[in-house]
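J.: Attaching a predicted model along with its sequence, questions to come.
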Amino acid sequence: MAFVKGSCEEFVEVLASKAAVPGGGGASALVGAVGTALGSMVAALTVGKKQYAAVEAEMKELAERAQQIQRELLLLVDRDAEGFEPLAKAYGMPKETAAQQAEKEVVMEAALKEACSVPLAIMGQCGAAIELQQVFAAKGSVLAVSDAGVGALFCKAALQGASLNVFINTKAMKDRVYAEAINKEARNLLAQYEPLADEIYSGVAAELIKE
């Protein structure tokens with residue numbers, strides 16, 4: 001699968017169809033990549049300007065980190081689709097006999113665990129991207145500060161979207177110990193990065209609308 005190699009139009013059209021993939025996880029990863037790219041843009045517009053010479057080295061370093069996150073999120077768009085396919089097949093397994101039901105349960109459990117791993121990775125990458133947006137908003141070119149704010153909002157949306165893809169799969173798991181461990185990890189990421197993204201947005205908005 002290589003959804004990210006096609007056009008935006010093609011991605012949106014297949015997303016809107018009844019095809020099993022891409023879904024909310026892949027869409028979240030793409031939104032996160034776009035949000036992260038906005039931070040990279042702020043750095044690009046900051047580097048080389050005399051008034052930002054003091055932060056140039058930091059901007060270059062963070063831009064490189066942002067580009068790594070951006071590339072990873074794009075890879076996760078396709079990995080999410082690859083992770084969901086076994087689960088989609090498991091849902092279609094026969095369950096007429098006790099043996100079939102037992103086999104389906106085993107396959108489902110493994111597929112659910114695999115389907116959780118990618119959106120959890122998306123969440124981690126989005127959290128790291130939100131941390132970068134905080135610096136881009138504070139130290140980047142004031143002419144692009146709104147882009148850092150938009151980037152933070154996009155990464156927050158992607159973080160939250162990916163979390164729903166974690167929770168819908170853990171809800172169906174029989175192994176509740178494993179499920180609760182994954183839920184805890186996801187909730188911790190939300191608790192850490194949702195307020196930070198809100199703080200970045202509020203700071204940027206306050207700066208833009210002040211008299």
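T.: Perfect, thanks for sending it.
J.: rest of the way, CA atoms for contacts and neighbours
T.: OK.
J.: Which residues outside stretch 184-202 are in contact with it?
T.: The set of residues that contact stretch 184-202 without belonging to it, under Cα atoms under 8 Å, 6 or more residues apart in numbering, is 120, 123-124, 127, 130-131, 133-134, 137, 149-150, 152-153, 155-156, 159-160, 163, 166.
J.: Quick check on those residues: which are buried?
T.: The neighbour-count test (16 or more other Cα atoms under 10 Å) applied to the contacts of stretch 184-202 identifies 120, 123-124, 127, 130, 133-134, 137, 149-150, 152-153, 155-156, 159-160, 163, 166 as buried.
J.: Just the helices from the chain, written as ranges.
T.: Counting by DSSP state H, residue ranges of the helices within the chain are 8-15, 24-46, 56-91, 98-139, 145-171, 176-209.
J.: Export those to a markdown table and append columns for mean pLDDT.
T.: Supplementary listing: the helices of the chain in a markdown table, determined by pLDDT from 0 to 100:
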| stretch | mean pLDDT |
| --- | --- |
| helix 8-15 | 93 |
| helix 24-46 | 97 |
| helix 56-91 | 93 |
| helix 98-139 | 95 |
| helix 145-171 | 97 |
| helix 176-209 | 97 |
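J.: now for these, which one comes closest to Ala2?
T.: Across these, Ala2 has its closest neighbour in helix 56-91 (5.9 Å, Cα to Cα).
J.: That closest one to helix 24-46, inter-axis angle?
T.: With axes from the mean of the first three to the mean of the last three Cα atoms, to 10 degrees defining the directions, helix 56-91 sits at 170 degrees from helix 24-46.
J.: Who are the packing partners of helix 56-91?
T.: helix 24-46, helix 98-139 (3 or more Cα pairs under 8 Å, 6 or more residues apart in numbering; DSSP states H and E).
J.: Centre of the chain to it, how far?
T.: Its chain's C-alpha centre and that of helix 56-91 lie 7 Å apart, by Cα atoms, centre = their mean, to the nearest Å.
J.: what do you get for stretch 43-60?
T.: On the basis of Cα atoms, centre = their mean, the separation between the geometric centre of stretch 43-60 and that of its chain is 27 Å.
J.: and if you look at stretch 114-126?
T.: Counting by Cα atoms, centre = their mean, stretch 114-126 comes out at 7 Å from the chain centroid.
J.: repeat for stretch 159-171
T.: Stretch 159-171 has its C-alpha centroid displaced from the chain centroid by 11 Å (Cα atoms, centre = their mean).
J.: which residues are contacting that stretch?
T.: Applying Cα under 8 Å, 6+ apart, the contact partners of stretch 159-171 are 24-25, 28-29, 32, 112-113, 115-117, 119-120, 122-124, 126-127, 179-180, 182-183, 186, 190.
J.: just stretch 16-34 next, same as before
T.: With Cα under 8 Å, 6+ apart as the test, stretch 16-34 has contacts from 3, 14-15, 69-71, 73-74, 76-78, 80-81, 84-85, 88, 118-119, 122, 126, 151, 154-159, 161-162, 165.
J.: Before I go, just wanted to say thanks for your time.
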